[in-house]
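S.K.: Predicted model follows, preceded by the sequence.
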Amino acid sequence: MTRQAHLIGAMAGVLMATAGAPALADEVVLATTGGLMRNMMEEYMYLPFEDETGTTVIPFDIEVPDQWARAEGMMRTKNVEFDIVTATGPDLVGRTDMLMDIPCDKLENVKEFGLKGACQPKGVARTTGGMVLAYNKDAFDGKAPQNWADFWDTETFPGPRGLPDTGDKDWWVPAVALLADGVKKEDLFPLDLDRAYKKLDEIRPKIAVWWKTGNQVQQIMRDNEVVMTMSYSGRALATIKEGAPFAMAWDGAIRDTGYFSILKDAPNAEGALKFIDFFYGNSEGQPKFISAVGYATSTSNGLTKLPEDEQKLYATYPANYEVLVDPDFKWIGDNRDMLRERWTAWLAQ
């Protein structure tokens with residue numbers, strides 16, 4: 001099957017229809033979201049990898065929840081067709097039975113260029129951002145909020161705020177409430193929810209928008225509906241690049257990393273590992289990829305190749321990286337239902 005034909009087949013779902021036919025040794029099937037991320041991965045990573053190794057990366061466009069549902073079906077029928085899947089931090093601790101162990105010591109580029117913590121037992125970091133405090137630089141007479149305590153300080157920094165209600169990250173807001181109340185980031189977990197929600201009661205009257213999507217948080221910044229908001233760093237950066245007068249405060253931002261993981265019994269696990277290692281060593285493609293997608297990678301081969309002023313806009317810039325909150329995904333996963341119930345009950349008050 002030609003590369004073009006296989007790509008068309010993958011997008012049409014033919015990979016599932018042909019269950020039982022193993023992937024070719026010179027192909028790696030990578031399940032990830034479509035759009036900008038897929039297009040930039042193809043331009044700066046997939047095609048250069050093929051040029052260097054002769055192995056074609058077949059992107060399979062799929063949203064992450066659907067990816068896991070499909071992967072579970074593959075494992076039940078013992079017809080695994082995805083090699084690499086997109087994983088979050090909770091997936092690395094909650095789906096260990098589905099994921100192959102990563103031989104971090106054998107990935108030479110990952111060892112040489114990877115940042116601390118980039119290679120985990122069940123996944124290797126792809127892109128990292130943060131849930132940052134984004135603020136309007138023109139709103140406070142030259143003063144700049146630095147952290148979540150300033151988000152709560154409505155006297156020094158008056159004006160409407162925004163916070164997320166995304167439906168799946170109901171621990172984000174309680175976590176930053178505790179930071180605003182003086183809890184150190186290394187002491188956050190397990191979350192003291194009684195203390196967190198008491199602090200949230202203080203700021204609630206100032207929340208003008210409970211945003212649902214990345215598009216919405218960008219729009220409320222563009223339209224000056226808020227003077228401050230929690231935002232995905234990539235969305236905030238895109239809005240800043242459009243010309244909106246916003247900036248980002250990284251102190252206490254919640255680290256948000258997407259990982260490359262390899263399914264157990266993947267048809268081409270060896271090729272998948274080679275691609276991941278290539279991703280870390282691709283010094284030419286890394287900085288272009290970072291600038292294009294608005295998220296940093298966890299390799300020193302990337303961000304350091306950008307101008308210093310641009311580096312400061314990304315989560316893995318050293319001064320930003322050291323102040324990020326490192327979530328305890330094991331605790332979050334173990335308390336998933338309780339966290340959701342507490343959040344929805346508080347919003348409904």
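M.R.: That came through fine.

S.K.: Figure out the helix or strand that Asn320 lives in.
M.R.: Asn320 is located in helix 318-321, with elements delineated by DSSP states H and E.

S.K.: For the following helix or strand past that helix, which residues meet the burial criterion?
M.R.: Tracing the chain C-terminally past helix 318-321 and defining elements by DSSP H and E, one meets helix 329-334 next. Of the residues in helix 329-334, those buried under the neighbour-count criterion (16 or more other CB atoms under 10 Å) are 329, 332-333. Glycine gets a C-beta too; all of them are placed from N, C-alpha and C.

S.K.: what residue ranges in this protein are flagged as low confidence?
M.R.: For the chain, residues meeting the criterion pLDDT under 70 lie at 1-25, 168.

S.K.: Tell me where the stretch 151-300 of the chain has strands.
M.R.: 161-164, 207-211, 228-232, 246-262 (DSSP state E, counting those that start in this stretch).

S.K.: Name the residues of the second one that are buried.
M.R.: Looking back up the chat, that one is strand 207-211. 207, 209, 211.

S.K.: All the helices of the stretch 51-200 of the chain, residue numbers only.
M.R.: Here the stretch 51-200 of the chain has its helices, by DSSP state H, counting those that start in this stretch, at 64-77, 89-94, 108-113, 148-152, 172-180, 193-203.

S.K.: ranking these by burial, who's on top?
M.R.: Between those, helix 172-180 has the highest mean count of neighbours, a mean of 23, where neighbours are mean count of other CB atoms under 10 Å.

S.K.: Kindly report the domain assignment for this protein.
M.R.: Using automatic domain parsing, the domains assigned to the chain come out as 3-127+257-321, 129-255+330-347.

S.K.: gap between the longest one and the chain center?
M.R.: Taking CA atoms, centre = their mean, to the nearest Å, one finds the center of domain 3-127+257-321 at 13 Å from the center of the full chain.

S.K.: Select, out of the strands of the stretch 151-300 of the chain, the one closest to Met45.
M.R.: strand 246-262 (10.7 Å; CB to CB).

S.K.: Name the residues linked to Asn136 by a beta bridge.
M.R.: Note on Asn136: beta-bridge partners Phe246, judged by DSSP bridges.

S.K.: still on that earlier bit, among the buried residues of helix 329-334, which one lies nearest to Met75?
M.R.: Distance to Met75, by CB to CB, is smallest for Gly333 among the buried residues of helix 329-334, at 19.6 Å.

S.K.: which ones are touching the closest one?
M.R.: With CB atoms under 8 Å, 6 or more residues apart in numbering as the criterion, the residues that contact Gly333 are 90, 93-94.

S.K.: Then Thr96?
M.R.: Thr96 makes contact with Lys122 under the criterion CB under 8 Å, 6+ apart.

S.K.: repeat for the one 3 residues further on
M.R.: The contact partners of Leu99, taken as CB under 8 Å, 6+ apart, are 87, 91-92, 122-123, 261-264.
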